[in-house]
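1. below are the sequence and a predicted model for it; my questions follow.
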Number of protein chains: 2
Amino acid sequence: MLDFIFKPNSIAVIGASEDEKKIGHVVFRNLVKQGFEGKVYPVNPKREEILGIKCYPSVKDLPEKIDLAIIVIPAKGVPSVIKDCASAGVKGLIVITAGFREIGGEGIKLEQEIVELVKKYGIRMVGPNCLGVINTINKMNATFASELPPCGRVSFFSQSGALGVALIDWAIENNFGFGKFVSLGNKADLNETDFLEYFGEDPETDIILGYIEDIKDGKRFLEVAKKVSKIKPVIIIKAGTTEAGAKAASSHTGAFAGFDRAFSEAFKKAGIIRVNSIKELFETAEIFKLNKIPKGDRLLVITNAGGPGIIAADTADKLGIKLDPMSEESIEAIIDKLPPTASLYNPIDIIGDATSERYKVVLEQAIKDRYVDGICVILTPQAVTDVENVATEIVRISQNTEKPVFACFIGGKKVSSAIKILKSQQIPCYSDPSVAISSYKKLIDFSIIKNKKEPEIPKIEISLENKEKVRLILEILENAGVSSVGEENATEILSLYGFNFPKKALAKTPEEAVEIAEKIGYPVVLKVSSPNILHKTDVGGVKLNLKNAEEVYNAFVDITINVKRFMPNAYIKGVMVYEMITGGKEVILGVSYDTTFGHMLMFGLGGIYVEVLKDVSFRIAPLTKEEAYEMVEEIKGAKILEGVRGEPPYDKENIVDKILRLSQLVTDFPIIKEIDINPYVVKHQGGVALDARMIIGKL
Amino acid sequence: MLDFIFKPNSIAVIGASEDEKKIGHVVFRNLVKQGFEGKVYPVNPKREEILGIKCYPSVKDLPEKIDLAIIVIPAKGVPSVIKDCASAGVKGLIVITAGFREIGGEGIKLEQEIVELVKKYGIRMVGPNCLGVINTINKMNATFASELPPCGRVSFFSQSGALGVALIDWAIENNFGFGKFVSLGNKADLNETDFLEYFGEDPETDIILGYIEDIKDGKRFLEVAKKVSKIKPVIIIKAGTTEAGAKAASSHTGAFAGFDRAFSEAFKKAGIIRVNSIKELFETAEIFKLNKIPKGDRLLVITNAGGPGIIAADTADKLGIKLDPMSEESIEAIIDKLPPTASLYNPIDIIGDATSERYKVVLEQAIKDRYVDGICVILTPQAVTDVENVATEIVRISQNTEKPVFACFIGGKKVSSAIKILKSQQIPCYSDPSVAISSYKKLIDFSIIKNKKEPEIPKIEISLENKEKVRLILEILENAGVSSVGEENATEILSLYGFNFPKKALAKTPEEAVEIAEKIGYPVVLKVSSPNILHKTDVGGVKLNLKNAEEVYNAFVDITINVKRFMPNAYIKGVMVYEMITGGKEVILGVSYDTTFGHMLMFGLGGIYVEVLKDVSFRIAPLTKEEAYEMVEEIKGAKILEGVRGEPPYDKENIVDKILRLSQLVTDFPIIKEIDINPYVVKHQGGVALDARMIIGKL
């Protein structure tokens, strides 16, 4: 718990200053003058008092043990001050000072030094290079932003301090209530995950917002986010999603921006609601202020203007929100109370001359209707529209229902006081129907996140003996300094984890080849086996589709003759006899490694589907069975596996099983960084891997 | 020219009323009290005077000829009033009255009646069922919206009157200047195309906005829009884009909402900037107020906050806007004037403690830099930021450059007066970097539209003789009442327009079959020819891949024996000998018919690409050569035609030629509504159609 940061009893401002232009002054003044009720001590060896408060030369000289120290002195002095804090028993630090990792070179070293110090002393640190921390509830403005935003139940962590300043200013103007705010700075100690966890447990926080550019510890972030997102909406804007953005990000904070696909998958896995712009962040937060979760995806739209109703319907349709009409009984019940020109489907158009009475009639029916899970009330200020009464009606109805009711009032002066009525009662109100509906979609998404059963990671049974064999192979390869694992060893490892490969055996003589072929079953493929021959086809070392004993016998003879002719000095181990795989559909199964989130499984259809159409799906390991299914289902060409043009379907279960086996393999042996099984041939029943390679390495 | 509607010298309000609750009162009062300088006459047989102005029993009794009459009497009385207007020499009508097509039944008849009347008398009519017309320049508020919006150079046509009312209210609150506004109503006479044309020619209009749900005359709209969009930005929101939206649209105005794909293609062809929400409509209009067009797609972003800079970069990257750094000389010139922690690439991050001086340094360099086509200035209000000075600096710089300079000021109170400074000088200012960059993208789009050369429709040479033959075939089919044209006739028509089909000839004897095969060249395919046999393969009537005379001879004999055995009563014309097509890539060429815009060409890769992946492209006929190329290039699988896995490329020129021939065919013979050539086999050189069908019908 980080209460000593957000709810300290006492704070020391180390570097407090009398000079109004200095951050050390602003931070101290903000704490003293904006209503914070705890004790605040200025620390500055050169001053007797600041703002009339007695000043201390060092944190060690303070008359009591303090919870939180805010450091605003130049970077070089920070390490020794941290030591002082340790001996004074400080629990939390906010290092506002810049000049650390973000400036490179010496700054990186200095940051390492202070990290080691806080670890050593068991102090937790925000920053360095940050704006500070705000808690509107105890009126603690421990930042150099000039004012506290209005009090509310939305808490926010931001990797951009400057953005934080701007948004606090925006919040004041727009009366948007914040609870707690933290500027993450360089995240040298405390990072997004710590605050996500704290806000998740914080009874004063209902909605969690975040702006991040990278994630420090992907695995822990995922774990924490998964838990928190079941309880509270977590809405995050991850910037640096594209190459250009990531470049800007790394020149900005030196943060290494992860591969965006991994972030998308991670956010999905963790139940995080991802948004793409600052506007969307707050528009989304707005809908969650309702604190109501729809039971389903059926939305009723009520409007007094056709056009905005159509725009709402368009948006709903694009997002997969169902605009079902109300039940027949409901329509029956309201039909006489609306003019004949009203449209009774969905959107319900109560026509431009509607007063609040018509809104009321429909709303009262809608909250009773079993086909309605949520209600969007659109209003345009027409001549007779009693706008404020409509707002009051919405507030009243909303108090009588569990269903989310939200509004879209389009206009200016004529709707402004009504919007105030709505917002004062936490009824979300938008000015654009598309935005209203898009925001509502996030509420539906959250209801799905909340209701999702705890996903279970299936345990694939691999015998201890097989595991031990894999461990041994990997150990040998690692010791040999091999990072690129070729077909033979990769095949061996994957076979031990339950993958099928074509049956094969080495023949030394033509007779032996025939014997093996008879065992495997025709047709077979013969390939010369020699460590010296890379391009077997070029030297006549491969024969395909051999259908009987005679063909096999002759092929063996041909191959040995060919090879001896072309490469007289090659060492020939023999000739490999392979089962020939016919039919089936080529797919690709793979694993890649993301520096933030670790192993990611990949699936795609083979050949041009991957090469040209880039039609692949990803999931972060370890996978649940549902996720493995989703991977198979979500590619665009998924239908092809169901069998097109009269073919029977291919064995999706087999693909799912193999994806889970790969997930298990990299979980058991994280040293395997990449796997590429290309192609894997899935049959109508079962499947066979035709080629495989791996990359292993230190993590 | 519709000046008699927007700039009338005199107006009669037919149905003017003394009752303040009546629309007839509001409209009359708006005209009299809001500054309109022309003469306004109330017409009402029951009144002596209204608002102290002498009232006339009929428009025929007015003391002068008037330009414009506004009708606000009940629907039934409208036809006879129109007759009065005709005899009084009225040029334009605004029928505000509702109760026409939108109520169905009698309303439809009544609307037909008034349309016939205005056509007969040569009067032009807005509406019926509309809000009216506004011109802020002559202060004419001929609507029942209560106030005039601020004056400006943006004109707007809206198919939703209620939306118009809301947006006027919004415009007043947000000081957004409108020029002319028209509520289209039922578009019984004048429609979107008429106002698009008028606004296009109007010297008082710089930017044209539109909200539409359908388009009355697609062909004329395209023609007019193509011309206007070369001169002024035309920004349109087309609602009813999805199934749900279209349903809402048709229950609302009875408008038949066209197939959305056709609208997208039509807007693209016409150079219209399409937006999807009301917010986007105005955000987009904002950037065009600059009246500057970027010379290229390289944008420089200047920011005092890293986070918003990254978001801007992300958005730019997604939209294909280039964030190139400035030239080395430029960076050289400014490097000493910025702190060492500043980032000099793009975005240029001048760091949180930047004052207007740093903005000035970068801006002055940027307008000189040859790698910069446009400039986005991002600001967050930090402690030392002199926000208003930055705004003033932007205004000054903008006046000294042809390059578009726009701003994104994030915050509330601290940035509001600076935003006013910017907006008063027509500098676009946004509050969200994503929105700023997305809006700017539209400006780049417009520069491309503006600079596009007048597209030429290529004239494919088809001999008069061939055309005449096609005409004859179609006439015979039409007279026979045939709408579905089968392979034989479709093949004939397409051959006359330059399509290749496999060579073929009918053989009556095995010897004849061999003779034909020798002429065509091996391999060949034999198929029984009989009007009675639909499924030729089922009765053993097809033999593929016949490689020599003997195989052809035997195949002929086999086929005749098979068919006689299975269908002894079938009439056998003989056996068709076809050239066998091997190799090549299967594609689909097609034509479909959209009720709004007419013929649309379609192209896609064959088989599962179309069936499963829906990877197809469309263009509205007639096509330019560039459009035909775009069709081939824009499908996701386009690379496949370039030859993957070492194949040589397929003949794209041949596909382009065939698409243009189809475009020519349906232009010459619009009675052909649909064509489906599936598959068309494109080779490394040339191509062959393997199957074709058509639908013909009255347009």
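-> All right, it came through fine. Numbers count the residues shown, from 1 in each chain, chains lettered A, B, ... in the order given.

2. now stretch A:41-51: average pLDDT?
-> Averaging pLDDT along stretch A:41-51 yields 94.

3. and A:T560, how many neighbours?
-> The burial count assigned to A:T560 is 18, neighbours taken as other CB atoms under 10 Å in any protein chain shown. (C-beta placed from N, C-alpha, C; glycine too.)

4. same question for A:D217.
-> 15.

5. wait, what's in contact with it?
-> Taking CB atoms under 8 Å, 6 or more residues apart in numbering or on different chains as the definition of contact, the neighbours of A:D217 are A:191, A:193.

6. how close does it get to A:F597?
-> Taking CB to CB, to the nearest Å as the measure, A:D217 and A:F597 are separated by 10 Å.

7. can you check A:K414 too?
-> From A:K414 across to A:F597, the span is 50 Å (CB to CB).

8. likewise for A:T205?
-> 25 Å.

9. for chain A, which spans come out with low pLDDT?
-> For chain A, applying pLDDT under 70 flags the ranges A:241-259, A:645, A:699.

10. how is it partitioned into domains?
-> Taking automatic domain parsing as the domain assignment, the ranges for chain A are A:3-213, A:292-451, A:456-500+A:582-699, A:503-580.

11. does chain B have contacts with the shortest one?
-> It refers to domain A:503-580. No. Judged by CB under 8 Å from any CB of the partner chain, domain A:503-580 makes no contact with chain B; its nearest approach is 14.4 Å.

12. how about the strands in the stretch 401-550 of chain A?
-> Per DSSP state E, counting those that start in this stretch, the stretch 401-550 of chain A has strands spanning A:405-409, A:429-430, A:484-485, A:504-507, A:524-529, A:542-546. These are given in chain order.

13. C-alpha coordinates for the longest one, PDB please?
-> Yep, that's strand A:524-529 we're talking about. Extracted C-alpha coordinates of strand A:524-529, given in PDB (Å, rounded to 0.1, in the frame of the first residue of the first chain):
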ATOM      1  CA  VAL A 524       7.200 -42.300 -49.400                       C
ATOM      2  CA  VAL A 525       9.900 -39.800 -50.000                       C
ATOM      3  CA  LEU A 526      13.600 -40.600 -50.100                       C
ATOM      4  CA  LYS A 527      16.300 -38.100 -49.200                       C
ATOM      5  CA  VAL A 528      20.000 -38.600 -49.000                       C
ATOM      6  CA  SER A 529      21.200 -38.100 -45.400                       C
END
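
14. just checking, what packs against it?
-> Using 3 or more CB pairs under 8 Å, 6 or more residues apart in numbering or on different chains; DSSP states H and E as the contact criterion, the secondary-structure elements in contact with strand A:524-529 are helix A:510-520, strand A:542-546, helix A:549-566, strand A:574-579.

15. need those in JSON lines (columns: distance to B:Y650).
-> As requested, these are exported to JSON lines (distance: least, CB to CB, whole Å):
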{"stretch": "helix A:510-520", "distance to B:Y650": "39"}
{"stretch": "strand A:542-546", "distance to B:Y650": "27"}
{"stretch": "helix A:549-566", "distance to B:Y650": "35"}
{"stretch": "strand A:574-579", "distance to B:Y650": "34"}
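
16. what's the most buried one of the ones you listed?
-> With neighbours taken as mean count of other CB atoms under 10 Å in any protein chain shown, the helices and strands packed on strand A:524-529 reach their highest mean count in strand A:574-579, at a mean of 23.

17. residue contacts, the closest residue to A:Q382 other than its chain neighbours?
-> Taking CB to CB, 6 or more residues apart in numbering or on different chains as the measure, A:Q382 lies nearest to A:G352, with 4.5 Å between them; neighbours along the chain are not counted. Taking CB under 8 Å, 6+ apart as the definition of contact, the neighbours of A:G352 are A:304-305, A:380, A:382, B:161-162, B:165.

18. cool, and A:C429?
-> Contacts for A:C429 were tallied using CB under 8 Å, 6+ apart; they are A:286, A:406-409, A:419, A:422-423.

19. over to A:R693?
-> Contact analysis of A:R693 by CB under 8 Å, 6+ apart lists A:484-487, A:490, A:675-676.

20. which residues of the stretch 551-699 of chain A lie near chain B?
-> By the criterion of CB under 8 Å from any CB, the positions of the stretch 551-699 of chain A lying close to chain B are A:608, A:611-613, A:615, A:636-637, A:639-640, A:644.

21. in helices, which of those residues appear?
-> A:608, A:611, A:639-640 (DSSP state H).

22. could you dump the domains of chain A into JSON lines with distance to B:E201 added?
-> Putting those into JSON lines (distance: least, CB to CB, whole Å) gives the following:
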{"stretch": "domain A:3-213", "distance to B:E201": "42"}
{"stretch": "domain A:292-451", "distance to B:E201": "26"}
{"stretch": "domain A:456-500+A:582-699", "distance to B:E201": "46"}
{"stretch": "domain A:503-580", "distance to B:E201": "71"}
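
23. B:A549 is nearest to which of the ones you listed?
-> domain A:503-580 (29.5 Å; CB to CB).

24. now the closest one, how far from the centre of its chain.
-> 50 Å (CA atoms, centre = their mean, to the nearest Å).

25. could you pull out the strands in the stretch 1-150 of chain A for me?
-> Secondary structure of the stretch 1-150 of chain A by DSSP E, counting those that start in this stretch: the strands cover A:10-14, A:39-43, A:49-50, A:53-54, A:68-71, A:92-95, A:124-126, A:132-135, A:140-143.

26. give the pairing partners of the fifth one; include direction for each.
-> I take that to be strand A:68-71. Sheet partners assigned to strand A:68-71 using DSSP bridges are listed as strand A:10-14 (parallel), strand A:92-95 (parallel).

27. so which of those is the most packed in?
-> Mean neighbour counts were taken over the strands paired with strand A:68-71 using mean count of other CB under 10 Å, and the top value, a mean of 28, falls to strand A:92-95.

28. could I have the CA atoms of it written out in PDB?
-> The C-alpha trace of strand A:92-95 is given here as PDB (Å, rounded to 0.1, in the frame of the first residue of the first chain):
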ATOM      1  CA  GLY A  92       8.100   7.600   0.500                       C
ATOM      2  CA  LEU A  93       9.900   9.900  -1.900                       C
ATOM      3  CA  ILE A  94       8.700  12.000  -4.800                       C
ATOM      4  CA  VAL A  95      11.800  13.100  -6.800                       C
END
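
29. so which residues on the stretch 1-150 of chain A come close to chain B?
-> The stretch 1-150 of chain A comes close to chain B at residues A:23, A:26, A:98, A:102-103, A:144, A:146, as judged by CB under 8 Å from any CB.

30. report the two of the residues you listed separated the most.
-> The two members of the residues of the stretch 1-150 of chain A next to chain B with the most space between them (CB to CB) are A:I103 and A:S146, at 26.1 Å.

31. can you pull out the helices in the stretch 301-450 of chain A?
-> Listed in chain order, the helices of the stretch 301-450 of chain A (DSSP state H, counting those that start in this stretch) span residues A:306-319, A:328-335, A:356-368, A:387-399, A:413-424, A:433-451.

32. can you lay out those helices as a markdown table showing distance to chain B?
-> Output for the helices of the stretch 301-450 of chain A, formatted as a markdown table (distance: least, CB to the nearest CB, whole Å):
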| stretch | distance to chain B |
| --- | --- |
| helix A:306-319 | 3 |
| helix A:328-335 | 13 |
| helix A:356-368 | 14 |
| helix A:387-399 | 10 |
| helix A:413-424 | 5 |
| helix A:433-451 | 4 |
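
33. out of the strands of the stretch 401-550 of chain A, nearest to B:V539?
-> Counting by CB to CB, and looking across all of these, nearest comes strand A:542-546 at 32.7 Å.

34. can you tell me the strand partners of the closest one and which way each runs?
-> For strand A:542-546, the paired strands and their directions (DSSP bridges) read strand A:524-529 (antiparallel).

35. so A:A316 sits right up against A:L323, yeah?
-> Yes. Counting by CB atoms under 8 Å, a contact exists between A:A316 and A:L323, whose distance comes to 5.3 Å.

36. I appreciate the help and will end here.
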